[in-house]
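# dropping the sequence and predicted coords here.
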Amino acid sequence: MRENLEYAAVSAFLRALGALPRPGSRIVGIALGLSAYLLMGRLRRVGMRNLQIAFPEMPKKRRRQIIFRLFVGFGRHLSEFSLLPRFTKENAREVATYDGFENYEAARGTGRGVLLLTGHFGAWEIGSFVHSIFGHPIKIVVRRLDNEKVDALVERYRTLHGNETFAKEDFARGLLAAMKAGETVGILMDTNMTPPQGVFVDFFGTPACTAVGVARVALRSGAAVVPAFTIWDKQLKKYRVRFDPALKLVSTGDDEADAVANTAMFTRVIQDYATRYPEQWLWVHRRWKTRPPGEPSLY
C-alpha cells in the first residue's frame, strides 16, 4: 500500500510540474527547492560542515550563500527533470548546449569505449538526457530506488531517448562488458564509499573514501576517461554539457598502486570543478563519512 501511495504521489507531482510552461515550472521547482532549504536543517548543517572542511578560511556568510544557491539549483533541476518527456532535439537546445564536444568525439574515435567521469554538479540528469537526445545515448550507473514503482518511473524518464542504466550492484560486470563493446558509460564518482569498493584519496586535503572500480576498469580495458559535467551558466541561462580532454592514466605495471593513483587524479578533477563552481556541487552529501581506521567522525 505504501509503495503504491508513494508512486501515485510522485507520478502525479511530476506530471503536474511537467505540464506547466517551462518558466512556470522553474518558478515552482525553485520555490520547492527554497522550501527544502528552510525545512531540511540537517542537510544545511552537513553542507556547512563540508564547506568548512573544504574551505576553512571561507566566511560563514559565504558558506550560507553557497548552500542557499545550491537548493535553488536543486529546484531548477527538478523542474527540468519533470519536463523531460517534452524534450525534442530542437527545444533541448534551449535548455542545454555542448562545450568541448570535440573531446568526446576524439575519445569515441579510439574505439575502446569511453568512461565519462562525472559528479553531482548542476543538473546531472539533464546532461546525460540531452546527450542522448542529440544522438549519443550512453549507459548510466545508478543506485536503484527502494520503491520499485518509483524507480521504474524515474527509469522511464531517463531512458526516453536511448540511454540505458545498470545498477551499482552490477558495476564491474556491466562496465567491463560495455567497454568491450566500445560503448560509453557515465559514472557519478563523487559520493562516499566504504572499503573494499573504496580507497582513501585526498579530497580538499582530507582523505575521502572513493570508488576505485572506475580506475581498475579503465586500466584493464584501455577505455578513455573523459571528465564530463553539466554546469548551469548564468550568462547563457542554460546548462553547458562540458567535456574535457581524456585523462592520461598512470600505468606503471603495479595494478593496485596505479588504481589508487588514478582514483586520486579523478578526484582532483572533481575537486577542481567544485572549486570553480562551488554553488553547484552536492555539499549536502556526507562525502567524508567513512574515515580511515582510528579517525573520529567529521560530522
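That came through fine.
# what's in contact with stretch 154-166?
Outside stretch 154-166, the residues that touch it by CB atoms under 8 Å, 6 or more residues apart in numbering are 14, 81, 84-85, 87, 125, 128-129, 132-133, 137-142, 145, 174. (Glycine included, C-beta is placed from N, CA and C.)
# again, but for stretch 186-198
Outside stretch 186-198, the residues that reach it (CB under 8 Å, 6+ apart) are 115-120, 124, 128, 138-141, 175, 208-214, 228, 266-267, 270, 281-282, 285-290.
# would you list every one of the helices in the stretch 151-299 of the chain?
If DSSP state H, counting those that start in this stretch is used as the criterion, the helices of the stretch 151-299 of the chain fall at 171-180, 213-221, 255-276.
# measure the spatially closest residue to Ser297 that is not a sequence neighbour to Pro137 for me?
Of all residues beyond its chain neighbours, the one nearest Ser297 is Arg291 (6.5 Å), with distances taken as CB to CB, 6 or more residues apart in numbering. In this view, Arg291 and Pro137 are 39 Å apart by CB to CB, to the nearest Å.
# same check on Pro292?
39 Å.
# quick one: which of the two has more around it?
Pro137 (18 against 9; other CB atoms under 10 Å).
# before we move on, what SS does the more buried one have?
Following DSSP: H, G, I helix; E, B strand; the rest coil, Pro137 is assigned to coil.
# what does the one 4 residues further on give?
Look at Val141: counting by three-state DSSP, its state is strand.
# what is it paired to in the beta sheet?
On the basis of DSSP bridges, Val141 is bridged to Phe166.
# that one is in contact with Lys168, isn't it?
Yes: using CB atoms under 8 Å, Val141 is in contact with Lys168, at 6.0 Å.
# mind listing the strands in this structure by residue range?
For the chain, strands defined by DSSP state E occupy the ranges 96-99, 114-118, 139-142, 164-167, 184-188, 198-203, 206-211, 224-233, 238-243.
# deepest of these, which one?
Highest mean neighbour count among the strands of the chain (mean count of other CB atoms under 10 Å): strand 114-118, with a mean of 26.
# that strand versus strand 238-243: what angle between them?
Taking axes from the mean of the first three to the mean of the last three CA atoms, to 10 degrees, one finds that strand 114-118 is oriented at 130 degrees with respect to strand 238-243.
# what is strand 114-118 packed up against?
In terms of contacts (3 or more CB pairs under 8 Å, 6 or more residues apart in numbering; DSSP states H and E), strand 114-118 is packed against helix 101-108, strand 184-188, helix 213-221, strand 224-233, helix 255-276.
# partner strands of it, with direction?
Within its sheet, strand 114-118 is paired with strand 184-188 (parallel), strand 224-233 (parallel), according to DSSP bridges.
# now do the longest one: distance to the chain's middle.
Averaging C-alpha coordinates over strand 224-233 and over its chain gives two centres that are 9 Å apart (CA atoms, centre = their mean, to the nearest Å).
# same check on the first one?
For strand 184-188, the distance from its own C-alpha centre to the chain's C-alpha centre is 9 Å (CA atoms, centre = their mean).
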